[in-house]
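Novice: Got a predicted structure plus its sequence, pasted below:
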Amino acid sequence: MTNPAVLMQATRHFTTLEGHRPTIVHKRSLDILHDPWFNKGTAFSMTERDRLDLRGLLPPNVMTSEQQIQRFKADLKRLEVQARDGPSDPYALAKWRILNRLHDRNETMYYQVLIAHIEEYAPIVYTPTVGLVCQNYSGLFRRPRGMYFSAEDRGEMMSMVYNWPAEQVDMIVVTDGSRILGLGDLGVQGIGISIGKLDLYVAAAGINPQRVLPVMIDVGTNNEKLLKDPMYLGLQEPRLDGDEYIAVIDEFMEAVFTRWPHVIVQFEDFQSKWAFKLLQRYRNTYRMFNDDVQGTAGVAIAGLLGAVRAQGRPMIDFPKQKIVVAGAGSAGIGVLNAARKTMARMLGNNESAFESAGRQFWVVDAKGLITEERENIDPEALPFARKVKEASRQGLREGASLAEVVREVKPDVLLGLSAVGGLFSKEVLEALKGSTSTRPAIFAMSNPTKNAECTPEEAFSIVGDNILFASGSPFQDVDLGNGHIGHCNQGNNMYLFPGIGLGTLLSGSRIISDGMLQAAAECLAEYMAEEEVLNGIIYPSTSRIRDITKEVAAAVVKEAIKEDLAEGYREMDARELQKLSQEEIVEYVKNNMWSPDYPTLVYRRD
Ligand SMILES: NC(=O)C1=CN([C@@H]2O[C@H](COP(=O)(O)OP(=O)(O)OC[C@H]3O[C@@H](n4cnc5c(N)ncnc54)[C@H](O)[C@@H]3O)[C@@H](O)[C@H]2O)C=CC1
Ligand SMILES: CC(=O)C(=O)O
Ligand SMILES: [Mg+2]
C-alpha cells in the first residue's frame with residue numbers, strides 16, 4: 001500500500017506541474033482579449049503582452065488576479081453609493097455601463113441607438129457623464145478600447161502601433177489625461193474622454209467606427225490620490241516633464257503617422273502648459289489640431305457673433321463688444337486669440353485694428369485681473385494684460401476680483417472657462433445687471449455640470465429674463481413664467497470638432513489651417529436662423545448635430561480647396577475637388593458619412 005504522505009507529495013508535485021503547463025492558443029491580439037476563455041485583462045504579464053501582440057492594447061499597470069477581484073468588488077460597492085454629478089441624472093453611470101456593454105457587443109446597434117437618441121445619450125457618452133466615467137475608470141474598466149502608450153514603451157512605439165488590428169485609421173483622439181474636462185489630472189483614466197469624443201465623431205460626423213482609435217499617453221500622474229491607489233491602472237510615478245515628455249509625444253506622433261500617413265490626430269485635454277507648445281510643434285507638419293484651444297475658440301466665436309445678432313445688431317458690430325473672460329488656460333486663451341483676430345479682421349485687418357481689438361477684453365484668472373504688472377505672467381496671457389494706467393482709469397488694478405471687474409467694465413459678455421463651479425456668484429451676477437448691453441450674454445462654458453460657472457436658473461433669476469445663456473454641459477431650459485422660456489444653449493466644441501475632422505479627411509488637406517478653422521466657426525455662426533437667434537437660441541440642439549456637422553465639414557473642404565491645400569480623398573482627387581460647386585461639396589460630404597446599417601456578411605477563406 002502506498003504511504004499516504006508520499007501520495008500527497010506526488011499529487012502536490014503533479015498539481016504544481018499542471019499549474020505551470022502553458023495553454024496553447026491559436027489567437028493573438030484583440031482576439032485573445034475578446035475571448036472569455038483566454039482573456040486575463042490587466043493580469044497579462046509583460047512577457048505575455050509582448051508574445052501575444054498585446055502591448056499597447058491594455059493599460060500599462062500589470063495586476064495580480066487578487067487585485068483584479070478587489071477592483072471588481074470596489075466597483076460593485078460604488079453602485080451602492082449613487083455616484084452622481086451635481087444635479088444631473090442619478091442613473092447616468094448605470095446608463096453608461098449598459099451603453100458600454102452594447103458598444104462592446106454590437107457597434108452597429110450602439111451607433112443606431114446613439115444617433116437616433118443623441119439628445120438623450122450624448123450627456124451619457126459625453127459631458128457630463130464622461131467626466132464621472134473617467135473619475136471612476138479604474139473600477140469601470142472591462143474590455144479595453146483603444147491604445148495605451150506609456151513612458152515605459154519608449155523605443156517600442158513604432159512596432160507597438162502595428163498591434164492595432166485596423167489597416168486604416170482616419171481619426172485618433174489622444175490625451176495625456178493631465179486636465180480632463182474641469183476635473184484635473186486623472187492620469188490613465190482620461191482614456192474615457194478620447195472614447196467619448198470619438199463616439200461623437202461616429203455619431204455626428206459619420207466616421208466609420210472601424211477607423212477610429214482612442215489613445216492614452218501615460219507619462220505618469222501628479223494626482224496624489226491616484227499615485228497611492230492600489231487599483232489604479234496607470235503608471236504610478238510623477239508625470240514626465242521637459243524634453244523627456246516631448247520625446248514621448250514625438251515618438252507617438254512618428255509611430256502613428258508612419259503606419260497611417262493620412263490619419264488626423266485630435267489633441268484633447270492636455271494641460272495648457274503643453275497644449276500650446278505641442279500645437280505649435282506639430283501643426284505645420286502633421287494633420288492635427290487641439291480641440292480645447294482651436295475647437296472651443298470656434299464655438300465661442302460662433303456664440304459671440306450670435307450674441308451680437310441676438311441684440312438685434314449686425315455681426316459687424318462685434319468689435320464694439322466689451323468681453324470679460326474668466327480663465328486664461330488653454331480654452332480661455334484660445335477663445336481670446338480667435339475673438340481678437342475676428343474683431344481685427346472686421347476693423348480692417350491691420351496692426352492698429354489688432355491693437356484696438358485687444359482693448360475689448362478683460363481677463364481674470366485665479367489671481368484676479370491680469371495687468372502688465374503681473375509677475376511671471378504666462379506668455380500666452382501677456383497680449384491680453386491690461387495696461388496699468390488704463391485699468392486705473394477704470395477704477396481697476398492688478399488682481400482685481402471678477403465682481404469688481406464686471407462692476408466697473410459693465411461688459412456685454414461674461415465668459416467663463418475657469419473650471420470653477422459657481423464662480424459667477426450672486427455678487428458677480430448682480431454686478432452684471434449694470435451691463436451697458438441691451439442683452440447681456442453669459443457663457444458658463446466649464447465642464448462637467450458641477451464646474452459650470454453658474455446655472456441658467458441663477459443667471460436668469462439674478463440678471464434678468466432678457467439675457468442670453470450658454471453652458472458647456474447641457475442644462476434644461478428655464479421656465480420664466482407667463483409662458484416664457486429662458487433658453488439654455490449648449491456652447492460646446494462638439495459642434496465643431498467632428499466637422500473639422502471630417503472636412504479635413506475628405507479634403508485630404510495636409511494640415512489644418514487657421515482659415516479652415518475660421519470657415520468652420522463662421523458656418524456654425526450662420527447656421528442659426530434670425531428668428532431663432534432673436535429668441536435667444538444661438539447654437540443648434542444636439543438633435544441637429546449630424547446636419548450641422550455635415551455643413552461644417554463642407555465649409556472646411558471648401559476652404560481647403562480655396563487655400564490649395566486639398567489633395568483629395570480616395571477617387572476624389574484634387575482636380576475633381578476643384579470642380580465641385582457648393583451644393584456638390586455638401587453632397588460629397590453627405591455621401592461619405594458612415595451610417596449604422598447592417599451589411600450582408602459573406603465568409604471567404606483567406
Ligand atoms: N465648453 C467647451 O466646449 C469647453 C469647455 N472647457 C472647459 O474649460 C475649463 C478650463 O479648461 P482649460 O482652459 O483647458 O483649463 P486650464 O486649467 O488650462 O485653465 C483654467 C484657468 O482658469 C483660471 N482660474 C482658476 N480659478 C479661477 C478663478 N477663481 N477665477 C478666474 N479664473 C480662474 C486659471 O488661472 C486658469 O487660467 C474646463 O472646465 C473645461 O472643461 C474646455 C474646452 C472646451
Ligand atoms: C468640451 C471639452 O473639450 C472640455 O471640456 O475639455
Ligand atoms: Mg476638452
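Specialist: Happy to help now that I have it. Ligands and ions are numbered 1, 2, ... in the order given.
Novice: Let me know the secondary structure of Glu373.
Specialist: coil (DSSP: H, G, I helix; E, B strand; the rest coil).
Novice: what's around it, how many residues?
Specialist: 15 (other Cβ atoms under 10 Å). Any C-beta I mention is one placed from the backbone N, CA and C, and that applies to glycine too.
Novice: Could I get the contacting residues of the closest residue to it other than its chain neighbours?
Specialist: The shortest distance from Glu373 to any non-neighbouring residue, by Cβ to Cβ, 6 or more residues apart in numbering, is to Glu398 (4.1 Å). Contact analysis of Glu398 by Cβ atoms under 8 Å, 6 or more residues apart in numbering lists 368-371, 373-374, 388, 391.
Novice: filter those to the buried ones?
Specialist: Neighbour-count burial (16 or more other Cβ atoms under 10 Å) is assigned, among the contacts of Glu398, to 368-371, 374, 391.
Novice: How about the residues of this structure by ligand 2?
Specialist: When proximity is defined by Cβ under 6 Å from any ligand atom, the chain lies next to ligand 2 at 127, 181, 269, 291-292, 447, 472, 492-493.
Novice: try 5 Å this time
Specialist: 181, 447 (Cβ under 5 Å from any ligand atom).
Novice: Low-confidence stretches in the chain?
Specialist: Scanning the chain for pLDDT under 70 picks out the ranges 1-20, 78-88, 603.
Novice: List, one by one, the residues from it near ligand 3.
Specialist: 269, 292 (Cβ under 5 Å from the ion).
Novice: interface residues of the chain facing ligand 1?
Specialist: So far as Cβ under 5 Å from any ligand atom goes, the chain lies against ligand 1 at 181-182, 272, 292, 296, 326-331, 364-366, 417-420, 445-447, 451, 472, 492-493.
Novice: among these, which are in helices?
Specialist: Among these, the residues falling in helices (DSSP state H) are 272, 296, 330-331.
Novice: Tell me how many other residues crowd the residue in the stretch 201-350 of the chain that ligand 1 sits nearest to.
Specialist: Evaluated by Cβ to the nearest ligand atom, the stretch 201-350 of the chain has Gly329 as its residue closest to ligand 1, separated by 1.9 Å. Other residues near Gly329 come to 24 when the count uses other Cβ under 10 Å.
Novice: and the gap between the residue nearest to it when sequence neighbours are not counted and Asp365?
Specialist: Nearest residue to Gly329, sequence neighbours excluded (Cβ to Cβ, 6+ apart): Ser272, at 4.2 Å. From Ser272 over to Asp365 the distance is 11 Å, taken as Cβ to Cβ, to the nearest Å.
Novice: Of the two, give the one with the bigger neighbour count.
Specialist: The neighbour comparison of Ser272 against Asp365 (other Cβ under 10 Å) goes to Ser272, with 23 against 20.
Novice: ok, that one touching Gly327?
Specialist: No. Using Cβ atoms under 8 Å, Ser272 is not in contact with Gly327; the gap is 9.9 Å.
Novice: Could you identify the most distant pair in the ones in helices among the residues of the chain next to ligand 1?
Specialist: Ser272 and Thr296 (11.8 Å; Cβ to Cβ).
Novice: Tell me which stretches of the stretch 351-500 of the chain form strands.
Specialist: With strands called from DSSP state E, counting those that start in this stretch, the stretch 351-500 of the chain shows them at 361-365, 368-369, 413-416, 441-444, 468-471, 478-481, 484-486, 488-490.
Novice: just to revisit the earlier point, looking at the ones in helices among the residues of the chain next to ligand 1, state which has the most neighbours.
Specialist: Top of these by neighbour count (other Cβ under 10 Å): Ala331, with 33 neighbours.
Novice: Quick one: residues contacting the closest residue to that one other than its chain neighbours.
Specialist: Nearest non-adjacent residue to Ala331, counting by Cβ to Cβ, 6+ apart: Leu417, 4.1 Å away. Contact analysis of Leu417 by Cβ under 8 Å, 6+ apart lists 296, 325-327, 329, 331-332, 335, 445-446.
Novice: mind checking the backbone torsions on Leu417?
Specialist: With angles defined as degrees, to the nearest 10, Leu417 sits at phi -140, psi 60.
Novice: residues contacting the residue lying closest to Asn466 once chain neighbours are set aside?
Specialist: Distance criterion Cβ to Cβ, 6+ apart; nearest residue to Asn466, sequence neighbours excluded, is Arg439 at 5.6 Å. Residues counted as contacts of Arg439 (Cβ under 8 Å, 6+ apart) are 307, 310-311, 466-468.
Novice: Throw together a PyMOL command that grabs the buried residues out of those.
Specialist: Applying 16+ other Cβ under 10 Å to those, the buried members can be selected in PyMOL as follows:
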select buried, resi 307+310+311+467+468
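Novice: Would you mind giving the contacts of Arg439 as JSON lines with distance to Lys40 added?
Specialist: JSON lines is the format used below for those (distance: Cβ to Cβ, whole Å):
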{"residue": "Ala307", "distance to Lys40": "54"}
{"residue": "Ala310", "distance to Lys40": "57"}
{"residue": "Gln311", "distance to Lys40": "61"}
{"residue": "Asn466", "distance to Lys40": "61"}
{"residue": "Ile467", "distance to Lys40": "55"}
{"residue": "Leu468", "distance to Lys40": "54"}
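Novice: one step back: nearest to Lys550 among the contacts of Glu398?
Specialist: Taking Cβ to Cβ as the measure, Lys550 lies nearest Ile370 of those, at 39.4 Å.
Novice: my guess is Ile249 meets Leu279, correct?
Specialist: No. The criterion here is Cβ under 8 Å, and Ile249 misses it with Leu279 at 11.5 Å.
Novice: More neighbours: the two, which one.
Specialist: Set Ile249 next to Leu279 and count neighbours by other Cβ under 10 Å: Ile249 wins out with 22 against 19.
Novice: Report the contact partners of the more buried one.
Specialist: 176, 217, 278.
Novice: what's next to stretch 373-391, contact-wise?
Specialist: Contacting residues not belonging to stretch 373-391 are listed as 272, 276, 328, 333, 336-337, 340, 358-359, 361-363, 365, 367, 369-372, 396-400 [Cβ under 8 Å, 6+ apart].
Novice: Report the buried residues of stretch 34-48.
Specialist: 40-42, 44.
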